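> Predicted coordinates and the sequence they were generated for:
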Amino acid sequence: MAFIWHLTIVEMKDNLLVTGTVLKHKTSIDKQPKSILRNFWNVITSYQKKPYKTKLITLEMESKSFEIMTSKRGYFFEILPVKNLKDFRLYDHTHNELAIHQFHPVYFKNLETPIEVVSDIDDTVIHSHTASVLKRIYTLLFKRPKRRKKVLFSNSLLDFLDENQLRIFYLSKSESNLFGLITSIFRFNEIPNGALFLTPYLKFKSLFKPKKGNHKLRFLHQLLTNLPDKSFILIGDDTQKDIDIYTQVVHTFRPQISKVYIRQTGFSIDEIQTKKWEALKQTGIPCTYFQDEDDIDLEIESLKQLLNL
């Protein structure tokens, strides 16, 4: 039987963004291992599930239904011409109902506040060591969710934005295999809830040579295009391509970008990072290159003035 592993539905201005992953067999989503060995096993087995590939699933509501095709990795992404979704059901290609068991929220309403927040996860919200493939894999395998540490500056900033009822989107290059692990880390660290966008399912060997394309850019383009009346705060780090992506987004959607935050992950900034940071600053958008020990209270006061909060 098919099984919804991850589902995120976001209200836009005039439509809905629907994305997620379908697997072939039901499996436990809530990953709260009691030992390092169990954590190791949970992560390894999450790369051995079989995706529900190239099959039609159907989203039904009171007056409409939509057919959505999954990819060869069981992944789906659709923009549907519906303003809001009240009661709905999902069915597989044989019209068996797909149960939704995830603990993380599924549906994210369009809030009245004029500002939205987009944040990376790995090394922006939680320490993940993505600059090194081996360190990242070691952290995934041997660090239980309750042992994973959050980035204090970023989380204090997100807490403030969440308290002011700004909707948060978490946009990560992490693969859908890790949905249960990531949401467990969020609960242990009391990280504010938000729509969770992950890349398609991977096989374990792909961890060493991941090919994830322009996933972040694609989602950002959809969010900003379909929320033209909103402005955005972008939060990322300097370990992967966040600075490049955010600079490109600023050039394309400049009137919609209120501020960009980049976390400095190392003790120093090298020549490449410096050039990328200068390119971002030259866009003229307010931006902050922060370190973990920076004064968050001072930054929040500055942000209040910028956003009139």
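Structure's in. What do you need? The structure displayed is predicted, hence computed values, not measured ones. Residues are numbered from 1 along each chain as shown.

> The protein: strands as residue ranges?
3-11, 16-23, 56-60, 65-69, 75-80, 89-91, 107-108, 115-119, 167-175, 195-199, 231-237, 257-263, 287-290 (DSSP state E).

> For the stretch 101-250 of the chain, which residues score under the pLDDT cut-off?
Applying pLDDT under 70 to the stretch 101-250 of the chain flags residues 206-213.

> before we move on, back to that, Throw the strands of the chain into TSV and include distance to Phe186 and mean neighbour count, thanks.
C-beta here means a position set from N, CA and C on the backbone, and glycine is covered the same way. Shown next, in TSV, are the strands of the chain (distance: least, CB to CB, whole Å; neighbours: other CB atoms under 10 Å):
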stretch	distance to Phe186	mean neighbour count
strand 3-11	13	23
strand 16-23	17	24
strand 56-60	26	18
strand 65-69	26	14
strand 75-80	21	18
strand 89-91	23	17
strand 107-108	14	16
strand 115-119	12	24
strand 167-175	9	22
strand 195-199	9	25
strand 231-237	15	23
strand 257-263	18	22
strand 287-290	21	18
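
> Kindly reformat these as CSV and extend each row with distance to Arg144.
Shown next, in CSV, are the strands of the chain (distance: least, CB to CB, whole Å):
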stretch, distance to Arg144
strand 3-11, 21
strand 16-23, 23
strand 56-60, 33
strand 65-69, 35
strand 75-80, 27
strand 89-91, 31
strand 107-108, 28
strand 115-119, 23
strand 167-175, 17
strand 195-199, 20
strand 231-237, 23
strand 257-263, 23
strand 287-290, 28
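
> out of those strands, nearest to Thr45?
Closest to Thr45 of the strands of the chain is strand 16-23 (CB to CB; 11.7 Å).

> Tell me what angle the closest one forms with strand 65-69.
Compare the direction of strand 16-23 with that of strand 65-69 by axes from the mean of the first three to the mean of the last three CA atoms, to 10 degrees and you get 50 degrees.

> Strand 16-23 packs against which elements?
In this structure, strand 16-23 packs against strand 3-11, strand 75-80, helix 215-226, with contacts taken as 3 or more CB pairs under 8 Å, 6 or more residues apart in numbering; DSSP states H and E.

> And the helices in the stretch 51-200 of the chain, which stretches?
Remark: helices assigned in the stretch 51-200 of the chain by DSSP state H, counting those that start in this stretch are 133-142, 152-163, 179-189.

> Of those, flag the one that's most buried.
Sort these by mean neighbour count, taking mean count of other CB atoms under 10 Å, and helix 179-189 sits at the top with a mean of 22.

> Identify the residues contacting Phe76.
Shown in contact with Phe76 (CB atoms under 8 Å, 6 or more residues apart in numbering): Val18, Thr19, Gly20, Thr21, Val22, Ile57, Ile68, Met69, Thr70.

> From Ile68, how far out is the spatially closest residue to the fifth one that is not a sequence neighbour?
Translated: Val22. Among residues not flanking Val22 along the chain, Tyr52 sits closest, at 3.9 Å (CB to CB, 6 or more residues apart in numbering). According to CB to CB, to the nearest Å, Tyr52 stands 11 Å off from Ile68.

> partners of the closest residue to Leu80 other than its chain neighbours in the sheet?
Distances taken as CB to CB, 6+ apart put Leu16 closest to Leu80, at 4.6 Å, once the chain neighbours are dropped. Beta-bridge pairing of Leu16, defined through DSSP bridges, involves Glu11, Leu80.

> Leu16 contacts Phe88, correct?
No - Leu16 lies out of contact with Phe88 (CB atoms under 8 Å); the separation is 9.9 Å.

> Many thanks, have a good one.
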